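S.K.: with the sequence up front, the predicted model follows.
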Amino acid sequence: MPPGDLPAKRNELRSNVHGKMQTIPYDEFKKAFFPDCPKVPYKRPPRGVSKAAARSTRKNVPAAPKTLFSGLKACTSEHKMYRQLTTTLNKAALCKGFTFMATAYKSDQTDPDKLEADMGLYPDDEVDRLRDPKQTGQYIKGRTDWSTVEIIIECKRRPSEGDPFDDSYNNGETNAKKRRKALGQILSYAELVLNRQQRTHQYMILFIGQQARIVRFDRSGLVVTNRFSYVVHGEWLEEFLRYYADMRPSERGHDPTAVRLKPESEEVKRMKAAAKEMVEAATRAAKRKTAAADANGVPEDYVPEYVPQQFMDTLDEAHPWWKLTVHDESSAGTTKPRERHFLVAKPCFKAAGVVGRTTRGYIALEWEDVKGTDKGDSSTKKSGTTPRKNTLVFLKDAWRVDSVAIDKEGATLQTLHQEKVRFVPTLLCHGDVPDQNTSVTVDLWKEKYPGEKPLKLHQHYRLVVKEVGKPLDKMKSGVELLEAVWCALTAHSEAYEKGIIHRDISAGNILLYQDSDGDCIGLLNDWELSKKLSDQTETARQPDRTGTWQFLSVHALNNPARTITVQDELESFFHVILYHAVRLLPHNLPDHMVPQCLHDYFDDYTPHPKSGQAHCGHAKSRAMTEGRLNISSYQDADQNGGKAATTLKFFWTDASKQNTADDYPLNGLITHLLQWFKAHYALDSARDATEGLSFSQDSARLVPGKSGILAKSRRSVHKDVQATPSQRKVRRRGGVRAQAKNLEAHKQGNVETWAKNLEIHKPMLKAIEQALDKEWPLVPDAVEDKKPPPDWKPAGDLVPTGSKRTSQVAGNDAGGRTRKKTKS
């Protein structure tokens, strides 16, 4: 999705809450979320009913108490609604310690999309900072601040157009275009609050004409009251707002294990000092690390040179800084999790969305000295906390899926390290955040829709690992890209041999990391969705299976219930290579057409004609079934004298071979792998129809590699290291004979042999090694990133409904190849 494309973001948000919303009467809403809330006392019967009549027919006349909303008149504009409601609510002083502000006039200065909510409830101590100094009285105008707002309030004048929900459907979803647009709008507001604050849930109030709704968001879904008249039933809003103000912060949705740091705090001073010290010492640390290395060659406190600067970059004072608590379940010999505290600022990564895992990643500085607490006692607290030596780590904050079929990521990392799996992060601590899950929303769903597909139960979870990596798009060359993928594929292979499959291979889950020898390696990250092979089932156990749309295999995109296989994962590795190569390496595709090509291959989708479920787009599907990356439709008409290229090729940057594709190693690798995928899909679609398929015979040539990081890694694991020279010679001759037989089989059109290359990891690992052993440019050949600019939109606005493979087309404007100007 192009950054800054607000319609696309909102459509994505709508797609991700599809099937995860429920509308219920106010009484049920109150019972579920604030059952102890006292009712507003009875005052008088409704208008038009005399007191005598009310007394004589009390049982038949519903009590409609006079409330502060009873005399409000319908407004002719939304601006008049802001003034009327803000003035009325502040005059009534419903929320002690809070103030209502009209904030539709100024956006949050830290928000690149410059969004502003119509109104909001803010803590009193934030109002002076945000309010318009020229405004006096009860009508308070101010600036939106997503990091401090308590309740977002949105105003719409016409229910027929502005109501994001529809009570005529059980799940509240509407197909009306303008109302779906309103849903995307409020979801984008909720996402900003969840991103800027540390929350378990949040509330929102919608004023729609003279009617209202209360909305509750958490990571499992939305619970919404039926639309009600706040003129007739204003007591419902009154009792909610009075009770909300009296709630504890945790009941209002604030995470008690996340403490927001004040600028003058000791923690903030420590973070700034540590960042400065570490950046200044980066060069000295690089020289010192060899001398300080222990027997294993890795200093205990080793931090790559780029990490201090990355940490410094997160110290953005426009964003909140936090002290986060991790309840460490990995502590040995303790009866309960030990608390460890980490200081973080702006996240270096945050996943989009309101529901789901909504992962955030931080470069963190541990605050307390954990020595002395190994026995689970509080001796450190009794003697006072001592800032730990400057050690930067990576902290992951996520709402994991709480399923018996999925182990906690920290437990998986522990298992991988016990099994000596290479190129995976080193676990430091992990644990669930106590009493923070989405069970209330899930239980409500079960009661309302018994027997139907349940919502996912999400549990708040934190994990800390030693290594702080860099995104794969920071690669400097094609060699660095392939070496990182080789490392990640090695990790995947070794984990698979130990009975664990990753299931979420994507660009964001392969990191670059500089080891203590200065070599740039790859780490396979984010094992949260991994499974034991023994737990794999024929169909998904979870209600739906999440994954990164852009890098899922064609089979996985077309079949959401499919059990992920090795072939699917290897295809995802291929998509990762291609994605970064197209963005960052020179090739024969015009630069101005790269965004459209990336969209068509990685983002596009095809809606199923019956279910509306999003399936794989045509470009990726054709590449896998045809074994070719066809770029003819992206070439300019007058390019190369009318002889436009039809197949994607990558170029040399060296002067002697500049702008030529001759023998550029990545081209051969892509050709080989595409032949394998072509065979795989051909056999899956028609195993008995292999005639007419043509496969490149060059793809049979697999030879061991000799490049730097690979050679070092292989020395520690290859059996030939301990073999005699004569034994190694026999083995090599056997390998050559096997390859010759393999080539002969391909000459005979035996596509099954090609497809078998995807049943295990070794052929793809060897193919990458072969590419790395060839001649590469002498200098780093990565070019300026050709990713879509912020204002880019795809031609025809053909975009996917979501990054989840279970995304569905909901409404005429949400999917299909004929819709316009929206994407999910």
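M.R.: Ah, there it is. Numbering: from 1, shown residues only.

S.K.: what about stretch 463-479, start to end distance?
M.R.: 31 Å (CA to CA, to the nearest Å).

S.K.: over to stretch 257-275?
M.R.: 24 Å.

S.K.: pull the helix or strand with minimum mean pLDDT from the chain.
M.R.: helix 379-383 (a mean of 40; mean pLDDT, DSSP states H and E).

S.K.: continuing past it, what's the next helix or strand?
M.R.: Next along the chain after helix 379-383, taking DSSP states H and E as the criterion, comes strand 392-401.

S.K.: elements contacting that next one?
M.R.: helix 307-314, strand 322-328, strand 338-344, strand 360-366, strand 458-465 (3 or more CB pairs under 8 Å, 6 or more residues apart in numbering; DSSP states H and E). Bear in mind the C-beta positions are built from the backbone N, C-alpha and C, glycine included.

S.K.: distance to residue 141, mean pLDDT and mean neighbour count added to those, as a markdown table?
M.R.: Shown next, in a markdown table, are the helices and strands packed on strand 392-401 (distance: least, CB to CB, whole Å; pLDDT from 0 to 100; neighbours: other CB atoms under 10 Å):
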| stretch | distance to residue 141 | mean pLDDT | mean neighbour count |
| --- | --- | --- | --- |
| helix 307-314 | 33 | 94 | 19 |
| strand 322-328 | 30 | 97 | 22 |
| strand 338-344 | 33 | 95 | 22 |
| strand 360-366 | 32 | 96 | 24 |
| strand 458-465 | 36 | 98 | 24 |
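
S.K.: so can I have CSV of these showing distance to residue 247?
M.R.: Formatted as CSV, these follow (distance: least, CB to CB, whole Å):
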stretch, distance to residue 247
helix 307-314, 32
strand 322-328, 21
strand 338-344, 25
strand 360-366, 25
strand 458-465, 19
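
S.K.: residue 231: which of those is closest?
M.R.: Comparing the helices and strands packed on strand 392-401 by their distance to residue 231 (CB to CB), the top pick is strand 458-465, with 37.3 Å.

S.K.: how about residues contacting that closest one?
M.R.: 200, 218-220, 255, 324, 326-327, 340, 342, 356-357, 364, 393-402, 408-410, 413, 425-433, 436-438 (CB atoms under 8 Å, 6 or more residues apart in numbering).

S.K.: residue 162 and residue 613, how far apart?
M.R.: As judged by CB to CB, to the nearest Å, residue 162 and residue 613 stand 29 Å apart.

S.K.: and what of residue 669?
M.R.: 33 Å.

S.K.: of those two, who's got more company?
M.R.: Neighbour count, other CB atoms under 10 Å: between residue 669 and residue 613, residue 669 has more, with 24 against 20.

S.K.: below-threshold pLDDT in the stretch 1-150 of the chain: ranges please.
M.R.: For the stretch 1-150 of the chain, the stretches with pLDDT under 70 are 1-4, 40-65.

S.K.: could you redo the last one with a cut-off of 80?
M.R.: Applying pLDDT under 80 to the stretch 1-150 of the chain flags residues 1-5, 37-67, 135-136.

S.K.: strands of that one, residue ranges please.
M.R.: Per DSSP state E, counting those that start in this stretch, the stretch 1-150 of the chain carries strands over the ranges 21-24, 98-106, 119-123, 141-143.

S.K.: ok and the third one relative to strand 98-106, angle-wise?
M.R.: When you say that, I think you mean strand 119-123. Going by axes from the mean of the first three to the mean of the last three CA atoms, to 10 degrees, strand 119-123 is angled at 130 degrees with respect to strand 98-106.

S.K.: list the buried residues of strand 119-123.
M.R.: By neighbour count on 16 or more other CB atoms under 10 Å, the buried set for strand 119-123 is 119-122.

S.K.: nearest to residue 472 among those?
M.R.: residue 120 (38.6 Å).

S.K.: check contacts around the closest one.
M.R.: 100-101, 103, 144, 149-153.

S.K.: recalculate using a threshold of 7 Å.
M.R.: The contact partners of residue 120, by CB atoms under 7 Å, 6 or more residues apart in numbering, come to 101, 103, 144, 149, 151-153.

S.K.: state the distance from it to residue 213.
M.R.: With distances taken as CB to CB, residue 120 is found 16 Å from residue 213.

S.K.: ok, residue 240 next?
M.R.: Where residue 213 is concerned, residue 240 sits at a distance of 11 Å (CB to CB).

S.K.: residue 567 too?
M.R.: From residue 567 to residue 213 the distance is 47 Å (CB to CB).

S.K.: need the pLDDT of the nearest residue to residue 77 once chain neighbours are set aside.
M.R.: Distances taken as CB to CB, 6 or more residues apart in numbering place residue 157 nearest to residue 77, at 6.7 Å, with adjacent residues excluded. At residue 157, the model reports a pLDDT of 92.

S.K.: what of the one 10 residues further on?
M.R.: According to the per-residue confidence, residue 167 scores 92 in pLDDT.

S.K.: so residue 404 belongs to a helix, correct?
M.R.: No. Under DSSP: H, G, I helix; E, B strand; the rest coil, residue 404 falls outside any helix and is assigned coil.

S.K.: quick one: neighbours of it, just the number.
M.R.: Neighbour number of residue 404 under other CB under 10 Å is 7.

S.K.: ok, the one 4 residues further on next?
M.R.: Using other CB under 10 Å, residue 408 has 20 other residues around it.

S.K.: for it, what are its contacts?
M.R.: For residue 408, counting by CB under 7 Å, 6+ apart, the contacting residues are 400, 430, 461.

S.K.: and which of those residues is nearest to residue 580?
M.R.: Among the contacts of residue 408, and counting by CB to CB, the member closest to residue 580 is residue 400, at 27.6 Å.

S.K.: bridging residues for the nearest residue to the closest one once chain neighbours are set aside?
M.R.: Nearest residue to residue 400 in three dimensions, chain neighbours excluded: residue 461, at 4.4 Å (CB to CB, 6+ apart). Beta-bridge pairing of residue 461 under DSSP bridges involves residue 398, residue 432.

S.K.: likewise residue 328?
M.R.: If you apply DSSP bridges, the partners that residue 328 bridges to are residue 338.

S.K.: list phi and psi for the residue lying closest to residue 533 once chain neighbours are set aside.
M.R.: Of all residues not flanking residue 533 in the chain, residue 499 sits nearest, at 4.8 Å (CB to CB, 6+ apart). Dihedral pair for residue 499: phi 90, psi 20, per degrees, to the nearest 10.

S.K.: who's in contact with residue 499?
M.R.: 532-534.

S.K.: burial count for the residue lying closest to residue 526 once chain neighbours are set aside?
M.R.: Sequence neighbours aside, residue 509 is the residue nearest to residue 526 in space, at 4.4 Å (criterion: CB to CB, 6+ apart). Other residues near residue 509 come to 21 when the count uses other CB under 10 Å.

S.K.: from what I can see residue 509 touches residue 525, true?
M.R.: Yes. Counting by CB atoms under 7 Å, residue 509 touches residue 525, with 4.9 Å between them.

S.K.: quick check: neighbours shared by the two?
M.R.: Counting by CB under 7 Å, 6+ apart, nothing touches both residue 509 and residue 525.
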